[in-house]
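Visitor: Provide a 3D model corresponding to the input given below.
(chains A, B and C)
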Amino acid sequence: MISLWSMKKKEDAAAKKKPKTSAAQIRVQKDLTELDLPSTMKTYFPDPQNLLSFTLTITPDEGMYKDGAYNFSFEINNNYPHEPPKVKCTQVIYHPNLDLDGNVCLNILREDWKPVLNLNAVMTGLQYLFLEPNADDPLNKEAAEEMRRDRDQFLRNVRVTMRGGSLKGKRYDNVLASAQ
Amino acid sequence: MAESTMANGNANTSDWQDRYYHVDQVLDRPGPRTDPSFAAGEGVKDFLRNKCKILVIGAGGLGCEILANLALTGFKDIHVIDMDTIDISNLNRQFLFRPKDVGKPKAIVAAEFIMKRVPGVKVTPYYGKIQDKDDDYYLQFNLVICGLDSVEARRWMNATLVNLVDPENPESLKPLIDGGTEGFKGQARVILPTISSCYECSLDMLNKPTAFPICTIANTPRLPEHCIEWASVLEWPRVHGDKKVDTDDPEHIGWLFQVASKRAREFNIEGVTWSLTQGVVKNIIPAIASTNAIIAASCCNEAFKIATSSAAYLDNYFMLIGTDGVYSYTFQYEKRDDCPVCGGESMDISISKEWTVERLIDTLTERQDIQIKKPSLSSGDMHIYFQAPPQLEQATRPNLEKKVSELVKDGGEITVTATTLPFSLSLRVTFT
Amino acid sequence: MLQNESQDIEQASAIVQAHAPDSKTRRYDRQLRLWAASGQAALESARILVTSASATSTSILKNLVLPGIGHFTILDPTVTAPADAGNNFFLNGFDSVGKPRAAEAVPLLRELNDSVEGVADTRELESLLDSDMGREWIKSFSLVIAHNLSAKTLDRLAELLWEENTNPPLIVVRSAGFIADFYIQVHKHCVIESHSETNPSLRLTKPFPALQAWADSIDYDEVDPTEHAHIPFPIILIKEADAWRKEHDGNLPISYAEQKLFKAQVIARQKKLDEENFEEAEGQAVRMWSEKPVSSDISTLLTFASPAETLPKANYAFHALLETLKLFVSHPNGPGALPLTSTLPDMRTDTESYVKIQKMYKEQARAENALFKKILKEAFPDLSIDEGLVDAFVKNAHHLKLIRGRKFGDFDRQRTELQSGLEIFNKEVATHVALSALFNLFSRGSDPTSITPESLRAEVNTLVGQNSAPLNEEVEEAIDNAVGEVARTPTADIPNTAAFLGGLVAQEAIKLITKQYVPINGYCVVDLVGSWTGLVGQPPA
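Guide: Coordinates of the predicted model:
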């Protein structure tokens, strides 16, 4: 064997054990404990022992989606940060970049994810969607078309749906911060 | 999940005269570049053939090749772990398997085959996950060779071997040799845990599977792949709820294929086929026997050189591209200081049994040599103190008053993260 | 509900039955994704002769039997020695000792794949080379692979196969311990599907009329914002090139400064910060100064085109196509460029625009394909050629490769080449000449025990020439290392080297047989002490 170490066996091979923490877990600890979120974003851990599963609530204080409280579930697997976190909106929201199943169209959650990005970047990106919805590359096509065609009507639709109203036969969740 | 140990024959009687005629030419004398510490002759042969214990992770495309090479070069105590069973699509390269073996565990079939073909070699299979095994298990081997196709499993194995290194026990340093292939391309590397760059150091360099923007999939599909992703990412969960796609179930693939084809027709997109559907949803990577042979041989050659010192070992990365001629590049991949696994600093700290967590944190922040601001502390699964987010800060705040010795045992490890650290600091705490 | 479910199940199994691949396709799935059905068919009709059942030879064969070649013959007159039984996975251990090596190996290789035919032949290669019948038999294979033949026999074999350019290619493999090299002897090898990873020209500097018309029809200020954010990048680049030409006497950007300005001009068209199509156009702008009507590689290739009367017999079809390509490029009704590619990269646009631009490219490519076939018919009226081959040729016109090889050993016969090679690629050429020296000594009857660094060094000096200027230190060291390692293991066929070569040589054999991907031209040198490979002895241009 190469002479990286001596050939003689040590008596107590058991020695001391290091705690088994995966690179993913330490990385999540690092990401989370260094989060510096504005007052418009809050995380909630249903099981505080489990860092890999939590929700984020965004309450925009400006823009069209002001007064709402929007919940996203974060699921992180042990292949983080090689793989991005899986993020879904847990409410039915009328928004050009979210579909009614809770899928989110944010580039860094899929095609542009890189291991150097972190949870802070994802959260900031999500908040940006509420400040500046993007109607050019939509996930909810009807909402995007409305936003482009008639901004006022779109705004009315947003307000109606935020209160838990119906639009074109589809019922939306009441997301008003005051209601939660 | 059966762990079986099978041996056939006695190693000494099966070693007929001249059995190792070829390999012995390398072991009986040094070459011009051989390290002077190489002791040619019986000692090194005895170590290789009677003492050295080697672990092979994966009994697939690389694994089959690795097992055969190790057996022929004289390794006689080989263990192999694989959690998969044999599929018909393995047979174009996994040469220890036959059509009759389809459905059987790879590790067990491969081990039996090797023992039958190469007398006197003991191959111990484990049909299960690498995560089932503990540190004591991994400590018994001299070397580990990985022939895996999963990034996650490799990261786990790499981290496990890095964490195994105990500065006071030289035996705890297990060289890890890792191979991987894709079509006509591949790479082999030697990782000396904590000494040279590790698998995690190069994580950024990996190609990740192609992902398409979800809005493209939903609204502006252009490629057949976009239609297939629409079927698997959006339509499947919508229609089937929580039921996961089983990519090995032809009916599931059939459903996705049909849904994707229909969408492609709607958008005038050509090219959705069964094969493409399967390729996209399973993220299939092309694989051929010849490339696996090259990379497995390279891995085994490094294992042989390390085990025998008969020639210098690879420092530390060999990559090969066979699509246009034969292009290869041998280089040293640099260790990363901020590597989450092998980088980061570690420090021994001796404190009073009476110290509270708060006092420890204050000490860490005050120490000039490390300069940590706002550290967060954990030990294994236990969160000792987190600076953020608020809920976790509140939940861990009571620990500040507790004695460190109540939370961590003597000689225990604390993981410290902070913005001022490149990644993390590993604190080994002893109490006075 | 129940009825619906059972209908679903019936429907599902109908789809599975109609479209799911058969067992052969499933078995070969992972390789079909590389070389497709056409490559597989080529493999299945290949007949390969291997001149021994050494560990290296069977390792090579294993990697050819698994993907499914048609036939192999192992030519080996020897009986299995105890040493063979120890290092060869395709022998039955000690049970094979004393039995014919070829006959022992063939069944163990055949069991890897039922569809492959395998034959053991115990005749002597030397005596086959002596008879007309033997020579014809050797020439009847589609590829010959020879491992560690004595230099004399090897020269005779290489000579025979070099005689006619219709003879099969020969792969020569030599190894000793950790050291090895291999060489492909082939007159010409034509690759249509090189699977190049470079992008073919989209011909944006000289757009075809339909594409130009589309670009002209778009007014940035009139399209709505969504449309603006989805104009395909080729259209943006065509428009910007036109605008640039107006300001620059009809020229495109040339200097680096101009190229930077052009990119700035493209990105300045963005109406909003995140219009990704304009970012994409900026990234692709390099096409406007790097794409030529005929790339330099293909220009060089076209210099080898020759009129019908003088075409070589081997690869006749390829040469006819090459000549046609030359005529196509200069044809008055042609585009003055290589045939247009019909496969477009993905781009940031909407479905409708993408389908539209894709259709335009397909239609134009179809028209040019028709013109190509018309020229072919005119120039080669008697040629009967598979239409699929013509289509593949036209489709891959941007990435054609022609390898022009030379006879095995020519490199070693050119002292000046060896000398200059040693100066540039010292360790690679040193390793190669050390192996040449070893096999020269063997063919002169040297006993393995008489092989020493000194005897090898003397032979290397003879090969390289002693009268040359003194070698520099690095070259000296490289030669010492190589001869020292070869002298350590003059007859060792060690399993890891055998497996490594088994993979490399099989890759090359697959490339030769399928005519896909690009094989080496020269010697591939392998040093498994230093864990590197290199390429030396490419024929001079």
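
Visitor: Tell me where the model's unsure across chain B.
Guide: Where chain B drops to pLDDT under 70, the residues are B:1-13.

Visitor: For the residue most central in space within it, list the residues it contacts.
Guide: Nearest to the geometric centre of chain B sits B:Arg154, at 1.9 Å (CA atoms, centre = their mean). By CB atoms under 8 Å, 6 or more residues apart in numbering or on different chains, the residues touching B:Arg154 are B:Cys146, B:Leu148, B:Asp178, B:Tyr199. C-beta: built from backbone N, CA, C; applies to glycine.

Visitor: wait, does whichever strand or helix holds the first one make contact with chain C?
Guide: Okay, so that is B:Cys146. Element membership for B:Cys146 (DSSP states H and E) is strand B:143-147. No - between strand B:143-147 and chain C, judged by CB under 8 Å from any CB of the partner chain, nothing touches; the nearest distance is 12.1 Å.

Visitor: buried stuff in that strand?
Guide: By neighbour count with 16 or more other CB atoms under 10 Å in any protein chain shown, strand B:143-147 contains the buried residues B:Leu143, B:Val144, B:Ile145, B:Cys146, B:Gly147.

Visitor: what does stretch C:141-159 give?
Guide: C:141-151, C:153-154, C:156-158.

Visitor: out of these, which are inside strands?
Guide: C:Leu143, C:Val144, C:Ile145, C:Ala146, C:His147 (DSSP state E).

Visitor: any chance of those residues in CSV, with distance to C:Leu302 and pLDDT too?
Guide: Output for these, formatted as CSV (distance: CB to CB, whole Å; pLDDT from 0 to 100):
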residue, distance to C:Leu302, pLDDT
C:Leu143, 28, 98
C:Val144, 31, 98
C:Ile145, 33, 98
C:Ala146, 35, 98
C:His147, 38, 98
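
Visitor: near chain B, which of those show up?
Guide: Okay, of these, nothing touches chain B (CB under 8 Å from any CB).

Visitor: Can you tell me what sits against stretch B:85-100?
Guide: Residues contacting stretch B:85-100 (CB under 8 Å, 6+ apart): B:59-61, B:63-65, B:67-68, B:101-106, B:109-110, B:113-114, B:248, B:287-289, B:292, C:23, C:26-31, C:62, C:66-68, C:111-113.

Visitor: Any of those buried? List them.
Guide: By 16+ other CB under 10 Å, the contacts of stretch B:85-100 give B:59-61, B:63-65, B:67-68, B:101, B:105-106, B:109-110, B:113-114, B:287-289, B:292, C:26-31, C:62, C:66-68, C:112-113 as buried.

Visitor: Go back to the residues you listed and keep what's next to chain A.
Guide: Within these, nothing lies near chain A by CB under 8 Å from any CB.

Visitor: Mark which of these are part of helices, please.
Guide: B:61, B:63-65, B:67-68, B:106, B:109-110, B:113-114, B:289, B:292, C:26-27, C:29-31, C:62 (DSSP state H).

Visitor: Where does pLDDT dip in the chain?
Guide: This is for chain A. A:2-20, A:180.

Visitor: meant chain C, my bad for not saying
Guide: C:1-9, C:467-470.

Visitor: 80 instead?
Guide: For chain C, the stretches flagged by pLDDT under 80 are C:1-13, C:306-314, C:466-471, C:541.

Visitor: Spell out which parts of it neighbour chain A.
Guide: Residues of chain C lying near chain A (CB under 8 Å from any CB): C:Asp224, C:Pro225, C:Thr226, C:Ala229, C:His230, C:Lys272, C:Asp274, C:Glu275, C:Glu276.

Visitor: Would you mind listing which of these are buried?
Guide: Neighbour-count burial within those applies to C:Ala229, C:His230, C:Glu275, C:Glu276; the criterion is 16+ other CB under 10 Å.

Visitor: mind checking how far the closest residue to chain C within chain A is from C:His228?
Guide: Residue nearest to chain C within chain A: A:Asp136 (4.4 Å; CB to the nearest CB). A:Asp136 sits at a distance of 9 Å from C:His228 (criterion: CB to CB, to the nearest Å).

Visitor: what touches both of these two?
Guide: C:Glu275.

Visitor: residues contacting the residue lying closest to B:Asn69 once chain neighbours are set aside?
Guide: Leaving aside its chain neighbours, B:Asn69 sits nearest to B:Cys300 (3.9 Å; criterion: CB to CB, 6 or more residues apart in numbering or on different chains). Counting by CB under 8 Å, 6+ apart, B:Cys300 makes contact with B:Glu65, B:Ile66, B:Asn69, B:Leu70, B:Thr73, B:Ile145, C:Pro495, C:Asn496, C:Ala499.

Visitor: Closest to A:Cys89 out of those residues?
Guide: Using CB to CB, B:Ile145 comes nearest to A:Cys89 of these, at 44.6 Å.

Visitor: which ones are touching that closest one?
Guide: Per CB under 8 Å, 6+ apart, neighbours of B:Ile145: B:54-57, B:66, B:70, B:176-179, B:299-300, B:303.

Visitor: A:Phe74 too?
Guide: Residues near A:Phe74 by CB under 8 Å, 6+ apart: A:Ser53, A:Phe54, A:Thr55, A:Leu56, A:Pro85, A:Lys86, A:Val87, A:Leu119.

Visitor: What separation is there between the residue nearest to C:Val116 when sequence neighbours are not counted and B:Ser290?
Guide: Closest residue to C:Val116 apart from its sequence neighbours, by CB to CB, 6+ apart: C:Val65 at 4.9 Å. Counting by CB to CB, the separation of C:Val65 from B:Ser290 is 11 Å.

Visitor: Tell me which of those two has more neighbours.
Guide: B:Ser290 (28 against 25; other CB atoms under 10 Å in any protein chain shown).

Visitor: helix/strand/coil for the residue nearest the centre of chain A?
Guide: Closest residue to the average C-alpha location of chain A: A:Val87 at 4.5 Å, with CA atoms, centre = their mean. Of the three states, A:Val87 takes strand under DSSP: H, G, I helix; E, B strand; the rest coil.

Visitor: For it, list each beta-bridge partner.
Guide: Using DSSP bridges, the beta-bridge partners of A:Val87 come out as A:Phe74.

Visitor: List the contacts of it.
Guide: Here A:Val87 is in contact with A:Phe72, A:Ser73, A:Phe74, A:Glu75, A:Val104, A:Leu106, A:Leu109, A:Val122, A:Leu126 (CB under 8 Å, 6+ apart).

Visitor: neighbours around the spatially closest residue to B:Asp381 that is not a sequence neighbour, how many?
Guide: Leaving aside its sequence neighbours, B:Asp381 sits nearest to A:Gln49 (CB to CB, 6+ apart; 6.8 Å). Residues lying near A:Gln49 (other CB under 10 Å) number 9.

Visitor: re earlier: which residues touch the residue nearest to C:Val116?
Guide: C:Phe72, C:Leu109, C:Arg110, C:Leu112, C:Asn113, C:Val116, C:Gly118.

Visitor: buried residues in the strand or helix carrying B:Val280?
Guide: Assigned by DSSP H and E, B:Val280 belongs to helix B:274-282. Residues B:Trp274, B:Ser275, B:Leu276, B:Thr277, B:Gln278, B:Gly279, B:Val280, B:Val281 are the ones in helix B:274-282 that count as buried (16+ other CB under 10 Å).

Visitor: Cool, thanks, talk later.
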